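K.L.:
Got a predicted model here, sequence first, then my questions.
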Amino acid sequence: MFANIAAYKFVAIAERDALRASLHQCCQQLALKGTILLAPEGINLFLAGSEPAIAGFLEELRADPRFADIQVKWSWSEFVPFNRLRVKLKNEIVTLRVDGIDPTAAQVPHLPATELKRWYQEGRDFAILDVRNAWEVAQGSFENALNPQLKSFGEFPGFIGSLAALKHKALVTFCTGGIRCEKAAPLLRQQGFQDVYQLQGGILKYFEECGGAHWRGNCVVFDQRGALDSRLLPAEQG
């Protein structure tokens, strides 16, 4: 079995060319494949390889103080679901195109997966908002989740006006691994929503800690596996 990891961190990154070169060399030496995105606002990565190689990469990455506390989502597959290694420079690690949204300064609480499960079990009065694209939502989502019908995440700001009735209600945002919520949740706060949370670690962390409770369908991932079931296995196996 091969290990697959997804991780991100919003942190200021200067001298990205040097970092790009060192991470590329590290991954090549460890025979890892996947994608690493580097932007002035942070890092986003999806990598696969042997478990010892992934562990070696994380040790190297976390030796950099900027990434010492980076959180990782794990899954497993019988093949490496990437054809090659890419380490790319981008303007944003997740594209929203809204000025003034700084996830490192935002004070939007993260809701642990186990807490979301408890909210469902207790019948708590809350709204849950899927900030992924419509074709991802069609593959699976949480019970009673709101679907913005987005073609791309960049359309999310234009959807917020339709949520005005929820401004005083507990509102939980979620996405695949949590990264889109790092911008969606602060933007909701900026627009006057008073009780906003973001699902910690996204759907993948929820599957890891809570399985498929209150989830329906599969979760799209952006590699050759296509989608994962709630056991974090390629959906075609289930």
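P.N.:
Perfect, I can see it now.

K.L.:
Now the residue nearest to the spatial centre of the chain: closest residue in space, sequence neighbours ignored.
P.N.:
For the chain, the residue nearest the mean C-alpha position is G177 (2.2 Å; Cα atoms, centre = their mean). Across the structure, with Cβ to Cβ, 6 or more residues apart in numbering as the measure, the residue nearest G177 apart from its sequence neighbours is G202 (4.2 Å). Where you see a C-beta, it was placed from the backbone N, CA and C, and this is true even at glycine.

K.L.:
Report the residue ranges of every domain in this structure.
P.N.:
Structural domains annotated on the chain: 2-89, 110-237, as defined by automatic domain parsing.

K.L.:
returning to what we had before: number of residues surrounding the residue nearest to G177?
P.N.:
26 (other Cβ atoms under 10 Å).

K.L.:
Also P40?
P.N.:
By the criterion of other Cβ under 10 Å, P40 has 14 neighbours.

K.L.:
Enumerate every residue touching it.
P.N.:
Listed by Cβ atoms under 8 Å, 6 or more residues apart in numbering, the contact set of P40 reads 12-14, 16, 91.

K.L.:
Can you tell me which of these is nearest W119?
P.N.:
Top of the list for closeness to W119, among the contacts of P40 and by Cβ to Cβ, is A12 at 34.0 Å.

K.L.:
does that closest one really touch A39, like I thought?
P.N.:
No - counting by Cβ atoms under 8 Å, A39 is not a contact partner of A12; they are 10.1 Å apart.

K.L.:
Give me the more crowded residue out of these two.
P.N.:
Neighbours per residue (other Cβ under 10 Å) separate A12 from A39, with A39 holding more: 18 against 10.

K.L.:
In this structure that one contacts L96, no?
P.N.:
No - taking Cβ under 8 Å as the definition, A39 is not a contact partner of L96, at 12.0 Å.

K.L.:
on that earlier part again, with distance to I101 and mean pLDDT added, can I get the domains of the chain in CSV?
P.N.:
Rendered in CSV, the data for the domains of the chain read as follows (distance: least, Cβ to Cβ, whole Å; pLDDT from 0 to 100):
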stretch, distance to I101, mean pLDDT
domain 2-89, 10, 97
domain 110-237, 5, 96
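
K.L.:
Distance to D102 added to those domains, as a markdown table?
P.N.:
Conversion of the domains of the chain to a markdown table gives the following (distance: least, Cβ to Cβ, whole Å):
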| stretch | distance to D102 |
| --- | --- |
| domain 2-89 | 8 |
| domain 110-237 | 8 |
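
K.L.:
Which one, of those, ends up nearest to T104?
P.N.:
Once Cβ to Cβ is applied to the domains of the chain, the stretch that comes out nearest is domain 2-89, at 5.1 Å.

K.L.:
Kindly check the end-to-end length of the closest one for me.
P.N.:
With Cα to Cα, to the nearest Å applied, domain 2-89 spans 27 Å between its terminal residues.

K.L.:
from the middle of its chain, how far away would it be?
P.N.:
Here the centre of domain 2-89 is set off from its chain's centre by 14 Å, with Cα atoms, centre = their mean, to the nearest Å.

K.L.:
Go through the protein and flag its longest helix.
P.N.:
Across the chain, the longest stretch assigned as helix under DSSP state H is helix 16-29.

K.L.:
What's the first helix or strand after it?
P.N.:
strand 33-39 (DSSP states H and E).

K.L.:
Skip ahead from that following strand and say which helix or strand is next.
P.N.:
Past strand 33-39, heading to the C-terminal end, the next element that is a helix or strand (DSSP H and E) is strand 42-49.
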